[in-house]
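*Asks:* Kindly return the folded structure for what I paste below:
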Amino acid sequence: MARLHLHMLSDSTGETLEHLAAAALAQFDDVETLKHFWPMVRSERHLARVLTEIQQNPGLVLFTLVNQELRGKLEAACHSLGLPAVGALDSVTAALQDMLGQRAEGRPGRQHVLDEAYFARVDAIQYTIAHDDGVGADNWEEADIVLAGVSRTSKTPTSIYLANRGYKTANIPLVPGVAPPDNLFTLKHPLVVGLVTSAERLVAVRRNRLLSMGQTADTDYVDAERVANEIAHARRMFADNGWPMIDMTRRSIEEGAAAIIGLLSEREAAA
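*Replies:* I've put the predicted structure just below:
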């Protein structure tokens, strides 16, 4: 197994670097990655401490430093150590400069400014938390997205992820023998999406959930035939109402949310 020391330096929170590194590392198998995370590097003194650690644990250096003096010192130090230092946003920034005919401002953490988009995201999170698990059906019309599905089909975590992307999201569990609120079928503004999964996966998830709560796993809730019927009933409801379906069987929360955002974009483009 390959072993890699990965040093990530940022003059802000480092969230961008973490996501980029995770996406790139996912393409490689059998790699033991030792991550060294250095956020808020904005002084020569701080950089000196980081460089000491890099020298002791040589590896790949990824950075997002907009201060040219600090960046130059980092690149010179890595060059002397024979280590690669990669500016993670260099190619994108350069392309934007060329297309826009402007130079980047070079202000650290500028993407985290409390702008209109930030407050819209906070508003979406507050709305989504207040409309989890079928709550607040009377104002679902304010939502951007409404997720429907039987129990344990990832509705809540997908809703929270979408909220963090700025989408007001409500979700409703479909319970056998209990009719959903009538207004679910008359919504105009929100995109209603059905979440489904395989019966086998759903039984396993539900059984683990019951056991983690110290409850018996011998109930109708995990009966294979009943679960299959639940899913079949949900699929018919989605099809009858013309709602798109997302199968979460082999999708992560992020992948499911991306598919939903894609559906929303398609609808807006067609409007």
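
*Asks:* so where is the stretch 1-150 of the chain shaky, pLDDT-wise?
*Replies:* Where the stretch 1-150 of the chain drops to pLDDT under 70, the residues are 93, 104-115.

*Asks:* residue boundaries of the strands in it?
*Replies:* Counting by DSSP state E, counting those that start in this stretch, the stretch 1-150 of the chain has strands at residues 2-10, 31-38, 60-64, 85-87, 145-150.

*Asks:* Next, report how far the shortest one is displaced from the centre of its chain.
*Replies:* What it means is strand 85-87. 25 Å (CA atoms, centre = their mean, to the nearest Å).

*Asks:* what packs against it?
*Replies:* With contacts defined as 3 or more CB pairs under 8 Å, 6 or more residues apart in numbering; DSSP states H and E, strand 85-87 has these neighbours: strand 60-64, helix 68-81. All C-beta atoms are positioned from the backbone trio N, CA, C, and that covers glycine.

*Asks:* mind listing what that strand pairs with, with the direction of each?
*Replies:* For strand 85-87, the paired strands and their directions (DSSP bridges) read strand 60-64 (parallel).

*Asks:* and the partner strand with helix 68-81, angle?
*Replies:* Interaxial angle, strand 60-64 versus helix 68-81 (axes from the mean of the first three to the mean of the last three CA atoms, to 10 degrees): 170 degrees.

*Asks:* quick one: strand 60-64 to strand 2-10, angle?
*Replies:* 20 degrees.

*Asks:* Go ahead and name everything in contact with strand 60-64.
*Replies:* 4-12, 14, 16-17, 20-21, 54, 71, 74, 78, 83-89 (CB atoms under 8 Å, 6 or more residues apart in numbering).

*Asks:* 7 Å - rerun?
*Replies:* The contact list for strand 60-64, computed with CB atoms under 7 Å, 6 or more residues apart in numbering, reads 4, 6-11, 16-17, 21, 54, 74, 78, 83-89.
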